[in-house]
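Chemist: sequence-free structure coming up:
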């Protein structure tokens, strides 16, 4: 699995997939955009007041949208990566059974695609922030690192799910469901403080809560994130990835037989 | 150069894939085992073409999949220098919505070419595929022949150390096939190895330098193509009792008043009973007759038909002026000897026992398609058509001075 093939898969994913439609590659951007719009419209009325009461930022008119988008963009990248990685062997079965492809590196094109989409989304978002005179802060430079951690976590979970999915075909649906639940269990459209503090243990154990909180912290409030949880998450992801790769290698023969 | 050593591959057959996990966790087997390859070893030196034959289920596909790297063996090794390209799945990953040009990149990368190589060869791929201006049209507008040509053109430009070829070679029209064969010969002359898997015994004899016969996961024979084809036929003969094999033979239609009967018939090549003979080989058709009731002068005839049921050649003992009689209770073996001057292909022999020269007068026993045989390989100079009419050529005169 060389670099040009990886790039080709990514390209297919971003552009070629929509080759037949008249809007073409625009669709890849339109779908997440519509999601942001829907959440903004539906929730800004409900949530706007709450946030203002919390004394957020100077751009109060947009404060909910900013809060939402800052969290929703990384979540979409995370969720799509996990969901799509889990089904990757099923989706690419026709290729895997015909040409030699590295099973463990094949899914890499998915985090790559999703990162590019995030980058584009983030570009628009940053432009929007600058237009509304939101203060630029050097803490924004934390973003690439934090996003890399989000993608590492997503890829690791996705790959583990993909291997499991070869043996238990329900994995894909179950993980889809879990990701759906996790979306609502993570403060993305709502604020953590709105939830009774007796439930906060739920957030503490959720790596995406820490990552998204850190992203908001550096993006909106201009503060450096707390390092301890990040360190634990990075280490945990790496250990899980190494474990998944080990198991994946051991089971490669079976995976190929089953595909 | 490819060296395959002691290749073993078994498939564990599970009711469902999750049983594999149950097995790991509970440490108890939940599968039936099916051994597809039981210790396969062979070598293909550079510039050689190896044929692989074997009945269905003998392990050919599994071997191909291991060689192309999509399956991993349980034991054993495949050593080769350079990459291997299969002409098995032409056009893997083709996308109908994209243009031919975009698909060249796509497919080329998948079969292991680098982006650089593809750019380099793009023009010659397009030229080889004879697609002209269609190359910038979406693939879904292509005919299936065009798609195959494009797939083949890409594969053949991948320039691997070894090609894996199966029946896929029969793509496109005659003109394109010849072009492909020419290209494959060039590839071989430059030191490339080819592994050719086929049921077409004639193609094996013509293309391959050597052949192996797979039988039930073993190499049953490794040597010259002639011997391989004979081994293969012996294996197939062993299966004749199989309901499947019988079904393949189709129905044997027979009728007659049965005062005398054809009880057995076989074709003998130079090396004895054969299912496959070469063009030009002297063959004998032996027929065993049994008399039951008194009959008058008999005539035994045969008709060779091709796979379309077309009469190719037939004669009978009356035409050949060989009179014979058969008393009740007697058994007799008659033998026709003839050179098998027919083109490669599958043929059947229909036999008839009748009175006098014409079966319409009185037919004792008629058996349609009693013997099936194949003509493969050739001992005569190449020719076109169905019949090999012995031809010589000589120069009678040359006039004028050479300048």
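Modeler: Okay, I see it. What you see is a predicted model, and the numbers here were worked out from it, not measured in a lab.
Chemist: And whatever helix or strand residue A:94 lives in, how far out from the chain middle?
Modeler: Assessed by DSSP states H and E, residue A:94 sits inside helix A:93-96. Offset of helix A:93-96 from its chain centre (Cα atoms, centre = their mean, to the nearest Å): 26 Å.
Chemist: Could you identify the helix or strand that succeeds it?
Modeler: helix A:109-131.
Chemist: How about the very next helix or strand once past that following helix, which residues are buried there?
Modeler: Sequence-wise, the next helix or strand downstream of helix A:109-131 (DSSP H and E) is helix A:143-167. Across helix A:143-167, burial judged by 16 or more other Cβ atoms under 10 Å in any protein chain shown covers A:143, A:146-147, A:149-167. Quick note: C-beta positions are derived from backbone N, CA and C, even for glycine.
Chemist: The closest residue to chain A within the stretch 1-150 of chain B: what's its closest spatial neighbour, skipping adjacent residues?
Modeler: Using Cβ to the nearest Cβ, residue B:69 is the residue of the stretch 1-150 of chain B that sits closest to chain A, at 3.4 Å. Excluding its sequence neighbours, the residue lying closest to residue B:69 (Cβ to Cβ, 6 or more residues apart in numbering or on different chains) is residue A:100, at 3.4 Å.
Chemist: The one you found - how many residues pack around it?
Modeler: Residue A:100 has 17 neighbouring residues, counting by other Cβ atoms under 10 Å in any protein chain shown.
Chemist: One more: residue A:191?
Modeler: For residue A:191, using other Cβ under 10 Å, the count is 15.
Chemist: Quick check, it in contact with residue A:68.
Modeler: No - counting by Cβ atoms under 8 Å, residue A:191 does not reach residue A:68; the two are 10.3 Å apart.
Chemist: residue nearest the centroid of the chain?
Modeler: Just so you know, I chose chain A. residue A:78 (1.6 Å; Cα atoms, centre = their mean).
Chemist: sorry, should have said chain B
Modeler: Nearest residue to the geometric centre of chain B (Cα atoms, centre = their mean): residue B:200, 1.0 Å.
Chemist: Need the per-residue pLDDT for that residue.
Modeler: pLDDT, residue B:200: 77.
Chemist: And it, how close does it get to residue B:206?
Modeler: 9 Å (Cβ to Cβ, to the nearest Å).
Chemist: list the contacts for residue B:370?
Modeler: With contact taken as Cβ atoms under 8 Å, 6 or more residues apart in numbering or on different chains, residue B:370 is in contact with B:252, B:262, B:265, B:348, B:349, B:350, B:351.
Chemist: Mind telling me what element it is part of?
Modeler: Using DSSP H and E, residue B:370 falls in strand B:363-378.
Chemist: Parallel or antiparallel, which strands does that strand pair with?
Modeler: If you go by DSSP bridges, strand B:363-378 pairs up with strand B:254-255 (antiparallel), strand B:276-279 (parallel), strand B:345-355 (antiparallel).
Chemist: How far does the first one sit from its chain's centre?
Modeler: In terms of Cα atoms, centre = their mean, the centre of strand B:254-255 is found 31 Å from the chain centre.
Chemist: Need the residues that contact it.
Modeler: B:363, B:365, B:366, B:367, B:368.
Chemist: what about the last one, neighbour count?
Modeler: Summarising burial for residue B:368: neighbours were counted as other Cβ under 10 Å, giving 18.
Chemist: How about the contacts made by it?
Modeler: Contacts of residue B:368 by Cβ under 8 Å, 6+ apart are B:252, B:253, B:254, B:348, B:350.
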